[in-house]
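# Take this sequence and fold it.
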Amino acid sequence: MHPSPGILVAVALVAAVTVTLAIRSRRKRTATLAAQWQTFQQHRSSGQGQLLQVMRVYQRGRRGSKAVITWCDTGRQQDAWFWNWHVPTGAYLLVNASSGYGPHSHNPNVLYVQPGQVRAWVPGQAARAAQRVGQ
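Purely as a prediction, here's the structure:
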């Protein structure tokens, strides 16, 4: 048995509405992320901290996250400990934090970031969204 033309039209209409809503939702999310990036850049231009990106989170514990970060101004990588925060991979942060000895890894240069030392942050997708909308 072949489906009736009415059923085919209904299926096509539902598919078209679904695709349209998905495109609209993606555009709205992209615009929201781009706006977050723009606000983040305003914080950055006002000198509120040093810019870093979380490259890889290698441990999530009850009291925070251990990660590898990259300082965006120099490209230098460093281990970091984020107290009381499971920082997302790819995130950009403006921080005022200091480095010290890491007793667990015996690393003399671990960046220790307390929650109050994060001046602003955005997910990594925000930078890509801003590029897509031309900011």
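
# Quick check: beta-bridge partners of Leu93?
Counting by DSSP bridges, Leu93 is bridged to Leu52, Trp121.

# Offset the numbering so it begins at 21, please.
Sure, I'll start counting at 21 from here, so that last one is Leu113.

# Would you mind measuring from it to Gln98?
Distance, Leu113 to Gln98, by C-beta to C-beta, to the nearest Å: 13 Å. For glycine as for every other residue, the C-beta is placed from the backbone atoms N, C-alpha and C.

# Who has more neighbours out of those two?
Ranked by neighbour count (other C-beta atoms under 10 Å), Leu113 and Gln98 place Leu113 first, with 24 against 16.

# gap between the more buried one and Pro123?
24 Å.

# pLDDT-wise, which helix or strand of this structure ranks last?
None of the helices or strands of the chain scores lower by mean pLDDT, DSSP states H and E than helix 25-65, at a mean of 73.

# wait, doesn't Ala147 sit right on Ala111?
No - with contact defined as C-beta atoms under 8 Å, Ala147 does not reach Ala111; the gap is 10.0 Å.

# Just give me the neighbour total for Val74.
Residues lying near Val74 (other C-beta under 10 Å) number 22.

# residues contacting it?
Val74 makes contact with 87-89, 100, 107-111, 113, 144 under the criterion C-beta atoms under 8 Å, 6 or more residues apart in numbering.
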